Each structure stands twice: as C-alpha cells, then as structure tokens.
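> Provided below for reference: sequence and predicted model.
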Amino acid sequence: MDGDPKPRGAAAMSPEQRSLYGRMGAATLHARGLTNTGPAKRASDQRFLDQVDPEGILKPEERQKRASHAKTAWMLHLSHLSAQSRTARSRRGASR
C-alpha cells in the first residue's frame with residue numbers, strides 16, 4: 001500500500017457518470033411506483049387553478065384549461081431563465 005487509496009464509488013465517477021446513475025435510479029423508483037409525488041403534484045396543480053380563478057367561478061373545464069396554459073407559460077419562463085443561465089455560464093467559461 002502506498003497510502004494513496006484509489007477513489008471508489010461516486011468519487012471514482014465523472015460528473016456525467018454520477019448524473020446518469022442518478023437519473024437511472026430515479027427512473028427505476030418511478031417505474032416501481034416507489035415515489036410519493038402525489039401531494040406535491042396536487043399542490044402545484046392547485047397553485048395554477050388558484051392563479052387563474054381565485055374565486056372559483058369558472059366552469060371546471062374552463063378553469064382546468066386555463067390552469068394548463070398558466071402551467072405551460074410558467075414552464076416556458078423557467079426554460080428561458082435556464083437558457084439565459086447556461087449562456088452566461090458559457091460566456092464566463094469562454095472568457096477565462
């Protein structure tokens with residue numbers, strides 16, 4: 001032994017490999033139904049329903065349709081912010 005043990009497990013993997021293994025694990029859990037995302041999903045859905053119809057006066061079909069559009073708009077906004085962040089990070093890396 002030279003006192004410098006080789007890294008094992010996650011420490012021996014590249015960030016890309018760790019990410020892939022994490023995604024594989026998450027997909028396996030979801031495939032087996034071993035996650036409890038129901039309460040969070042219901043809360044998220046309720047947020048958009050409340051946003052588009054705070055008084056609850058719309059017909060359920062119209063309320064659901066508008067909530068779906070509000071959720072899509074929010075996800076597109078998050079996607080835009082993510083793209084801006086990646087662009088900024090790329091520019092910072094290129095200027096070094």
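That came in fine, so what should we check first?

> From now on I want contacts and neighbour counts done on CA atoms only, so please keep to that.
Noted.

> average pLDDT for the helix or strand Glu62 falls within?
Element membership for Glu62 (DSSP states H and E) is helix 60-94. Here helix 60-94 scores 94 as its mean pLDDT.

> Identify each buried residue in it, please.
For helix 60-94, burial by neighbour count (16 or more other CA atoms under 10 Å) applies to 63-64, 66-68, 70-71.

> will you turn those residues into CSV that also has distance to Arg86?
What follows is these, written out as CSV (distance: CA to CA, whole Å):
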residue, distance to Arg86
Arg63, 35
Gln64, 33
Arg66, 30
Ala67, 29
Ser68, 27
Ala70, 24
Lys71, 23
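
> and which of these is nearest Ser82?
Ser82 lies nearest to Lys71 out of the buried residues of helix 60-94, by CA to CA, at 16.5 Å.

> if I read this right, that closest one contacts Gln46, doesn't it?
No. Checked against CA atoms under 8 Å, the pair Lys71 and Gln46 is beyond contact range at 10.7 Å.

> Look at Pro54 and tell me its secondary structure.
coil (DSSP: H, G, I helix; E, B strand; the rest coil).

> okay, Val5: pLDDT?
In this structure residue 5 is Pro, not Val. pLDDT, read off for Pro5, is 62.

> that older thread, ok, so of the buried residues of helix 60-94, who is nearest Gly9?
For those, the nearest to Gly9 is Lys71 (38.8 Å; CA to CA).

> count of residues packed around the nearest residue to that closest one once chain neighbours are set aside?
In this structure, Lys71 finds its nearest non-sequential neighbour in Phe48, 6.4 Å apart by CA to CA, 6 or more residues apart in numbering. For Phe48, the count of nearby residues is 20 (other CA atoms under 10 Å).
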